[in-house]
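Undergrad: the sequence and its predicted three-dimensional model are supplied below.
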Amino acid sequence: MLMMTLALCAAAYIAGSVNFSIIVFRMLGRGDPRYQFSGTAGTTNVYRQAGLFWAGVVFILDFARALAVSWVALYLLPINTVPWVGLALVVGNRFPCFHQFRGGKGVAAYLGFTIIIAPLSAALSALTWLIVYGIVRIPFVASFFMTFILMAGTISACGFHVAATAGTVVTSLLIFYNHKQNMTELFSNPPSEKEPHH
């Protein structure tokens, strides 16, 4: 079972390393999304540069891939080890081996991965994101609330197993860390000068 877990983690990392926003931008002849605004290849950065439609395309692709990885992991592994596959997927999204190890921040991937494991928590997290964003108008702050709910829901769905809890917490901490630049800018700029980041 250890070898299967390691194999799926490796496969999840490779799958996560295929960054759809970079690929879509190349297809559109728009260059590299990482060279503008937040400097990442995430959904919000795509929205800023290419509009809602293409941001939606990238989100759906990220979400669907994560959903597929989660389904395979749940089918082949005991649920207490599945969160580690999710961690590998988020690591691939953040540090993609196919794109100079500079990718997105893993929020859409984590949502898609979690929806099969804890569907009610995933739905609640999405609703919470909409509510928080509607109040503060800062996407990454809303993503923090989403990530926390996904973390709690996954831990509960996995029966509070130590291995599952550890994998889930590490994944969430990585997502929080991926927004380090956003937090630095939030605290260093006055509200009137802040740019929303995801």
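TA: Good, I have the coordinates.
Undergrad: right, and the helix or strand after the strand or helix carrying residue 83?
TA: According to DSSP states H and E, residue 83 maps onto helix 82-94. Where DSSP H and E defines the elements, the next helix or strand beyond helix 82-94 is helix 107-117.
Undergrad: for this structure, what helix or strand is lowest in average pLDDT?
TA: Least confident helix or strand, the chain: helix 180-188 with a mean of 83, by mean pLDDT, DSSP states H and E.
Undergrad: in the protein, what spans have low per-residue confidence?
TA: Across the chain, the ranges flagged by pLDDT under 70 are 190-198.
Undergrad: repeat that for 50
TA: 193-198 (pLDDT under 50).
Undergrad: what sits against residue 101?
TA: The neighbours of residue 101, taking Cβ atoms under 8 Å, 6 or more residues apart in numbering as the test, are residue 95. (Each C-beta comes from the backbone N, C-alpha and C, glycine too.)
Undergrad: what about it, distance to residue 187?
TA: Residue 101 sits 27 Å away from residue 187, taking Cβ to Cβ, to the nearest Å as the criterion.
Undergrad: before we move on, what about residue 168?
TA: Per Cβ to Cβ, residue 168 is found 27 Å from residue 187.
Undergrad: ok, residue 153 next?
TA: Separation of residue 153 from residue 187 (Cβ to Cβ): 29 Å.
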